[in-house]
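J.: Take a look and give me a structure for this.
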Amino acid sequence: MRASAFRRTRVAAAVGAAWLCLATGQAFGAAFGLQTQNASGLGHAYSGGAAAAEDVSTIFYNPAGLVRLHSTQAVVSGNLVCPSIKFHDNGSQPAMFQPLGGTGGDAGSCTILPNAYLGVPFTDKWSFGIGVNVPFGLETEYDSDWLGRFQAVKSKLETVNINPVLSWEPTPHLTVGGGVSWQRVKATLTQKLNYAGLFAQGVGSLVAAGQVPASAASALIGSAGGLESNADVSGNDSGWGWNVGILWQANDQTRIGAAYRSRIKYDITGSVNFTNPTASSLGPLPPALAPAGALLVGGVNGSICTGVQGGNAVTEAGCSQDVSVSLKMPDIANVSVFHQFNNRWDLMADLQWIGWSSVQELNIVRSTGVELETLPLHYRNTWRISGGANYRYSDQWTFRGGIAYDQTPVRNEFREPRLPDNSRTWFAAGVQYRFSPNWAIDLGYAYEYMHDPGINNNAGSTAANGLISGSYKNGVNIVGLQVTYTAR
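T.: Model (predicted):
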């Protein structure tokens, strides 16, 4: 009994050391910021920003614009966002004791982003509004056998933002507004773990310790060749923020707006779930080596499940632990100009700053206090500049167009497969049709051209995670539809 316990402890310790070596640097996070908070602004690439105040969706972009509408209004809209994310291999390397795998297919998928707004004036100087929207989100998912599976398979981020506001007109030429935001976030991240590599490191450590003869190493290592574990991290939290804005009517044709939306801090809690091979997953072994193989499996599984060197052996396939991570979503500031050039043409421009430097690293910690992962992201603050126009063909028809340049927060040297992002250029067009003084419908389309991002990332260890080396061909198509009702 004592000898058996001693062997189990040595196996767990050896495999625990291998786990700590191989797991360093694996990726577990990404961030997406969404401009698509209505469909009417999509047609001019959201260049109206904080100054357009064309409908009640100004609640999100600049609450100061709400009071200038002077009527009860409701907006319901949705944007179908379809990113295409295709990896092209150029020198990628497989993880230790694993096949390389494919290029992952198209990791992008179409997502509908809904939003709704209601604004009600309760005096000629004051208005109340509320908006429900999705400020952060989107999803990437690669084929489960792709060459980067030990760094990322699926990444999904969902948010909902509820934003009541008040808007006040202190003078005929100046309006101000502000509100609070309650925001809910839910995240799911999955990837594979190189079980065969961990098993092989454990075998090597046992051979070095004299627990297994060197002549048996190749048979033991070969029995676990190609084996993988699945890791699934999920969590959620809610937080509070605020937004304010000011809108100045410089003259009858021109207004200038500025708006600010605060950071929101999350303390996300959830769980990490592992699905591991068992002793029965090993390939054929001589009868004399089968007990050693089973002990190694228990040690590997125990170290994966607990993250502790020399932890208790685990023979079951599944295990989970609670985890937590802190995250600060960025603050956003806009300055915008809207100019009615004549009875037909409106011209507009927007400059937006996003404080992505609030996201420097993600430190995921188990409930036991053991660190699961620290991911260095080193996001940088970004700028977005846009310009656009409206053309009123008639009382019923308005046509829109716009262009924008949107800088990525991702630095080239830290690009990873969950967010293989790069700076992008927007090309947008749209149309509005007014059925009556009460009803209008908007249809918009935008294409985001992304400069091909390169990647050269092993998440800290090629042996554990493989090397992703190549480039991406990315682009985004967006179609938006909006219905606006104005009480007259």
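J.: Run through the residues that contact residue 99.
T.: Applying CB atoms under 8 Å, 6 or more residues apart in numbering to residue 99 gives the contacts residue 226. The C-beta positions use only the backbone N, C-alpha and C, and glycine is treated the same way.
J.: in what helix or strand does it lie?
T.: With the criterion set as DSSP states H and E, no secondary-structure element contains residue 99; it sits in neither a helix nor a strand.
J.: if you average pLDDT over stretch 54-71, what comes out?
T.: Confidence for stretch 54-71, expressed as mean pLDDT, is 96.
J.: What is the end-to-end distance of it?
T.: Stretch 54-71 stretches 12 Å from its first residue to its last (CA to CA, to the nearest Å).
J.: quick one: buried residues of it?
T.: When burial is assessed from 16 or more other CB atoms under 10 Å, stretch 54-71 yields the following buried residues: 54-69.
J.: those strands in the stretch 51-200 of the chain, which residues are they?
T.: Counting by DSSP state E, counting those that start in this stretch, one finds strands in the stretch 51-200 of the chain at the ranges 73-89, 111-121, 126-133, 137-141, 154-171, 174-193.
J.: ignore the last one, the stretch 301-450 of the chain
T.: Under the criterion DSSP E, counting those that start in this stretch, the stretch 301-450 of the chain carries strands at the ranges 318-329, 332-340, 345-354, 361-366, 371-376, 382-392, 397-406, 424-434, 439-450.
J.: Return the member of these having the minimum mean pLDDT.
T.: The bottom spot among the strands of the stretch 301-450 of the chain, by mean pLDDT, belongs to strand 371-376, with a mean of 81.
J.: can you pull the buried residues of it?
T.: 372, 373, 375.
J.: Quick one: distance of that strand to the chain centre.
T.: A distance of 17 Å separates the C-alpha centroid of strand 371-376 from that of its chain, computed with CA atoms, centre = their mean, to the nearest Å.
J.: Mind listing the strands that strand pairs with, and their directions?
T.: Taking DSSP bridges as the criterion, strand 371-376 pairs within the sheet with strand 361-366 (antiparallel).
J.: I would like the residues contacting the strand it pairs with, please.
T.: When contacts are taken as CB under 8 Å, 6+ apart, the neighbours of strand 361-366 outside the stretch itself are 28-29, 233, 272, 307, 321-327, 371-378.
J.: I figured residue 181 hits residue 263, correct?
T.: No: checked against CB atoms under 8 Å, the pair residue 181 and residue 263 is beyond contact range at 10.7 Å.
J.: which residues do these two both contact?
T.: Both residue 181 and residue 263 are contacted by residue 241, under the criterion CB under 8 Å, 6+ apart.
J.: If you count surrounding residues, which of those two has more?
T.: residue 181 (21 against 14; other CB atoms under 10 Å).
J.: which residue sits closest to residue 358 in space, ignoring its chain neighbours?
T.: For residue 358, ignoring the flanking residues on the chain, the nearest one in space by CB to CB, 6 or more residues apart in numbering is residue 328 at 4.1 Å.
J.: Enumerate the positions of stretch 407-420 that are buried.
T.: Of the residues in stretch 407-420, those buried under the neighbour-count criterion (16+ other CB under 10 Å) are 407, 408, 409, 410, 415, 416, 417, 418, 419, 420.
J.: And these, which two are furthest apart?
T.: In terms of CB to CB, the buried residues of stretch 407-420 reach their longest pairwise distance at 407 and 417, which sit 20.5 Å apart.
J.: In JSON lines: the strands of the stretch 301-450 of the chain, plus distance to residue 259.
T.: Shown next, in JSON lines, are the strands of the stretch 301-450 of the chain (distance: least, CB to CB, whole Å):
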{"stretch": "strand 318-329", "distance to residue 259": "16"}
{"stretch": "strand 332-340", "distance to residue 259": "5"}
{"stretch": "strand 345-354", "distance to residue 259": "9"}
{"stretch": "strand 361-366", "distance to residue 259": "28"}
{"stretch": "strand 371-376", "distance to residue 259": "31"}
{"stretch": "strand 382-392", "distance to residue 259": "13"}
{"stretch": "strand 397-406", "distance to residue 259": "17"}
{"stretch": "strand 424-434", "distance to residue 259": "20"}
{"stretch": "strand 439-450", "distance to residue 259": "21"}
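J.: Assumed residue 464 was part of a helix.
T.: Yes: assessed with DSSP: H, G, I helix; E, B strand; the rest coil, residue 464 lies in a helix.
J.: ChimeraX command for the buried members of the contacts of strand 361-366?
T.: This is how ChimeraX selects the buried members of these, with burial counted by 16+ other CB under 10 Å:
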select :28,29,233,272,307,321,323,324,325,327,372,373,375,377
